[in-house]
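*Asks:* quick one, what's the 3D model for this:
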Amino acid sequence: MSKKKKKQTRAEPKGNTFLCSMEAYDTLCCNGYTRLTDNPEVMSGVNKICDLISSMTIYLMANTDKGDIRIKNELAKKVDIYPNRYMTRKTFISAVVKSMLLDGDGNSIVFPTTENGYLKDLIPARPGSVSFIPDDYGYKIYYEGMEYDPDNILHFVINPDTYRPWKGTGYRTTLKAVADSLKQAEKTKKGFMESKWKPSMVVKVDALTEEFSNKEGRKALLESYIETSESGEPWMIPAEQFDIKEVRPLSLNDIALPDSVRLDKRTVAAILDIPSFLVGEGTFDEKEWNNFINTRIRTICNAIEQEFTRKLLLSPDWYFKFNLRSLYAYDINTLSNVGANMYTRGIMSGNEVRDWIGLSPKDGLDGLIILENYIPQGMIGDQKKLEQGGDKGE
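*Replies:* Here you go, the predicted structure:
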């Protein structure tokens, strides 16, 4: 009896599932700090925002009595093409926006340098080396041991702090829990993909069998009764010793993992204020995209435009502006129809319409035209065909 009891005790641990083992703990647990830059959903949304804003042309505009016009000079070229000797506008604006959204916690610092009174370079600061020290109502900026006055640098801000409105606030605290949840979901999914999580079947063996008492014996049992030499060959097993059952383990749907991941992705999209299809949830929607450009992208662009205008320009009539219209979801038919209507009503020239649809200008299309019947109400009697007595000149 003692020998029989000993064999049963040794056989019991084999019935434990993988979920209760230390190996499962190491696989499923993801303790420690999770950086937002390690989360693919967060980085996908941030990179899309950076890519869109950095792809827009930055215009230098001037207020005139007849409306705002675009200025093309070296300052406009400097800001729009090569803000510093090491970066283009694309990489520079991407760095500024990414700093505001992630590591800079809603703040991005840029140091302008001059040479002979002219703007030379715009150099982004490393977010981790910047400190903001309150000074009465205002503040001072410390960067790598040096103190700077805010009037002498560019300080881009989003989400102003309630008590210190000159300082921005980021998304790290809000997104941290969601990022941890998505990381845990990825670890769980990876574990489910391992074969040890879901064996195709379980063979129940009498624990009193001598061969079952050690690893070599269990392997010998499998080779003797279960393994076959030919595909499709039936198994021959003792009915008293073996009981084979098919195992259908929990799937990802059973533990509601896809629903949880879907909800977390939508939460990331809501916090970053971006369409959910940008983080892999949902499908593209033109109206949602245009609203995203008109709200989220425009807001960040305004922060950059106003700081450029306030710190880099001396003329009160000049200002910087992003070409936001280039990001809206227009197809070629929409642009062509709108352009044709504007052209026939004398609102746009032919070359302006050609520029809309990506064509080069042509001679003779710079003037404004209007169809003969598009005239003020008081000039209806001045039409040539009425003065000549009709269409046939009678």
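*Asks:* just the pLDDT at the closest residue to Ser129 other than its chain neighbours, thanks.
*Replies:* Counting by CB to CB, 6 or more residues apart in numbering, Ser129 lies nearest to Glu144, which is 5.1 Å off, once chain neighbours are set aside. No exception for glycine: its C-beta is placed from N, CA and C like everyone else's. In this model, Glu144 is scored at 88, pLDDT.
*Asks:* now do the helices in the stretch 201-350 of the chain.
*Replies:* Remark: helices assigned in the stretch 201-350 of the chain by DSSP state H, counting those that start in this stretch are 215-221, 257-272, 286-292, 298-312, 332-344, 350-356.
*Asks:* quick one: which of these is nearest Gly67?
*Replies:* Closest to Gly67 of these, according to CB to CB: helix 350-356, at 14.2 Å.
*Asks:* list the helices and strands that closest one packs on?
*Replies:* Judged by 3 or more CB pairs under 8 Å, 6 or more residues apart in numbering; DSSP states H and E, helix 350-356 is in contact with helix 332-344.
*Asks:* quick one: residues contacting Asn107.
*Replies:* Residues near Asn107 by CB atoms under 8 Å, 6 or more residues apart in numbering: Ser99, Met100, Pro127, Val130, Phe132, His155, Phe156, Val157, Lys167, Gly168, Gly170.
*Asks:* now do Leu52
*Replies:* Ile293, Ile297, Leu327.
*Asks:* got it, and Gly104?
*Replies:* Pro127, Val130, Gly168, Gly170.
*Asks:* check what pLDDT the residue lying closest to the last one once chain neighbours are set aside gets.
*Replies:* Closest residue in space to Gly170, ignoring its immediate chain neighbours: Asp105 at 3.5 Å, by CB to CB, 6+ apart. The predicted local confidence for Asp105 comes out at a pLDDT of 87.
*Asks:* do Asp382 as well
*Replies:* Looking at Asp382, its pLDDT stands at 65.
*Asks:* try Lys14
*Replies:* Predicted confidence (pLDDT) for Lys14: 44.
*Asks:* quick one: contacts of stretch 290-308?
*Replies:* Contacts for stretch 290-308 (CB under 8 Å, 6+ apart): 49, 52-53, 56, 58, 79, 93, 96-97, 100, 154-158, 272-275, 319-322, 324, 327-329.
*Asks:* follow-up on the earlier one: ok, the contacts of Leu52 vs Lys215, which is closest?
*Replies:* Minimum distance to Lys215 across the contacts of Leu52 is 62.5 Å, recorded for Ile297 (CB to CB).
*Asks:* low-scoring stretches of the stretch 151-300 of the chain, by residue?
*Replies:* Residues of the stretch 151-300 of the chain that meet the criterion pLDDT under 70 lie in 172-213, 221, 225-264.
*Asks:* which one is Lys48 nearest to, not counting chain neighbours?
*Replies:* Per CB to CB, 6+ apart, closest to Lys48 is Leu278, 5.1 Å.
*Asks:* wouldn't that neighbour be in contact with Gly45 here?
*Replies:* Yes - contact criterion CB atoms under 8 Å: Leu278 and Gly45 qualify, at 5.6 Å.
*Asks:* overlap in contacts, these two.
*Replies:* Ala269.
*Asks:* those two: which is more packed in?
*Replies:* Of the pair Leu278 and Gly45, Gly45 is the one with more neighbours under other CB atoms under 10 Å, namely 24 against 21.
*Asks:* tell me which element the more buried one is part of?
*Replies:* Using DSSP states H and E, Gly45 maps to helix 40-55.
*Asks:* and what of Asn63?
*Replies:* strand 58-64.
*Asks:* lovely, talk soon.
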